[in-house]
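Asks: need coordinates for the following:
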Amino acid sequence: MLDAIDITVTGGVGGHGLVSYHREKFVPQGGPDGGDGGRGGRVYLRAIDDLYTLEQYRAKRRFHAGNGGNGGPNLRTGAHGDDLVLEVPAGTVVIDIADDSVLADLKKVGDEVLVAHGGRGGWGNKRFATSTNKTPSYSQKGQEGEEVHVRLELRLLADVGLLGLPNAGKSTLLAAVSNAKPKIADYAFTTLEPMLGVVNSGFDRFTLADLPGLV
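Replies: Next up is the predicted model:
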C-alpha cells in the first residue's frame, strides 16, 4: 500500500549585512564595523518512531525554516535562522518533484536528509573596505532560501484492512477508532484511495486501512 503527499519546503532567508561605522569618544571618523547577516535555517526530514502515516501533512502543505538575523555594529554577525525538522514515519521515500529523483529513502528510525538550504547572510560594509575605499557606505542583502517541492511516499503494509460495499460505514469506523480524519459523506465511493489510521487498543498499536468500496 502506498500513501503519498506533496509538500513544499523553503529554507530561511539570510539576514542582511549592516552599514555601520565605529563610534568612540575622540574617534569621530572610525572605520566600518557593520557585521554580516546570519545564514537562513535549513529544512530536514527525519524518520521517527511511533509515527505510521503522513496524515499530519494533509492540512498543511508549505513549511519554512527560520530567517537569519541581520548583522549588527561592532562586527556582530546575525544569528543563524532556526532549522526546521519535519518528522515522517520510517519507510518514507523523499522524491524531488522537479526531476522525479529520489532524494532519500528513510528506511529506519533516525535516518535524516537535508532537503532545502537556507540563504546565505549578506556581508556588512566592513567586508567591502579596500585600500582605496576605506569607508564603504553599502552592504549586502541576505539571499533567499532554497524552495523545493517534494513528494513523500510511505510504503506501508497495514495490519488490518476494512473491506465492504460502498457507503457501508468503513470511513466512519476508521475515524471512530483511530487518529485518521477520512472524508465521510452519505453517498457511495466517498473513499477513492486507501486511508490509513493508527489504532491504540490499550494493549497494542496497529495500523488500520480504509479501502475503497467493493463493487
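
Asks: residue 150 falls within a strand, correct?
Replies: Yes - counting by DSSP: H, G, I helix; E, B strand; the rest coil, residue 150 is part of a strand.

Asks: neighbours around it, how many?
Replies: For residue 150, the neighbour count with other Cβ atoms under 10 Å is 23. Glycine gets a C-beta too; all of them are placed from N, C-alpha and C.

Asks: OK, contacts around residue 172?
Replies: residue 184 (Cβ atoms under 8 Å, 6 or more residues apart in numbering).

Asks: phi first, then psi, for it.
Replies: Note on residue 172: backbone dihedrals following degrees, to the nearest 10 are phi -60, psi -40.

Asks: quickly list the domain ranges of the chain.
Replies: If you go by automatic domain parsing, the domain ranges for the chain are 2-155, 160-210.

Asks: so which helix or strand takes in residue 181?
Replies: Following DSSP states H and E, there is no helix or strand that holds residue 181.

Asks: what sits against it?
Replies: Per Cβ under 8 Å, 6+ apart, neighbours of residue 181: 55, 58, 175.

Asks: just those now: which is nearest residue 135?
Replies: Distance to residue 135 across the contacts of residue 181 (Cβ to Cβ) is lowest for residue 58, with 55.0 Å.

Asks: where's that closest one relative to residue 5, distance?
Replies: 6 Å (Cβ to Cβ, to the nearest Å).

Asks: between the two, which one's more packed in?
Replies: residue 5 (16 against 13).

Asks: would you mind measuring from the more buried one to residue 88?
Replies: On the measure of Cβ to Cβ, residue 5 and residue 88 end up 10 Å apart.

Asks: which neighbours do these two share?
Replies: Common contacts of residue 5 and residue 88 (Cβ under 8 Å, 6+ apart): 54, 152.

Asks: check the burial of the nearest residue to residue 128 once chain neighbours are set aside by counting its neighbours.
Replies: Computed as Cβ to Cβ, 6 or more residues apart in numbering, the closest residue to residue 128 that is not its neighbour in sequence is residue 136, at 4.0 Å. Using other Cβ under 10 Å, residue 136 is surrounded by 17 other residues.

Asks: what pLDDT does residue 136 get?
Replies: Predicted confidence (pLDDT) for residue 136: 95.

Asks: OK, contacts around it?
Replies: Contacts of residue 136 (Cβ under 8 Å, 6+ apart): 19, 32, 125, 128-130.

Asks: what comes up buried for stretch 196-215?
Replies: Across stretch 196-215, burial judged by 16 or more other Cβ atoms under 10 Å covers 196-199, 207-211, 213.

Asks: residue 174 belongs to a helix?
Replies: Yes - counting by three-state DSSP, residue 174 is part of a helix.

Asks: any idea how far residue 80 lies from residue 131?
Replies: Residue 80 is 32 Å from residue 131, where distance means Cβ to Cβ.
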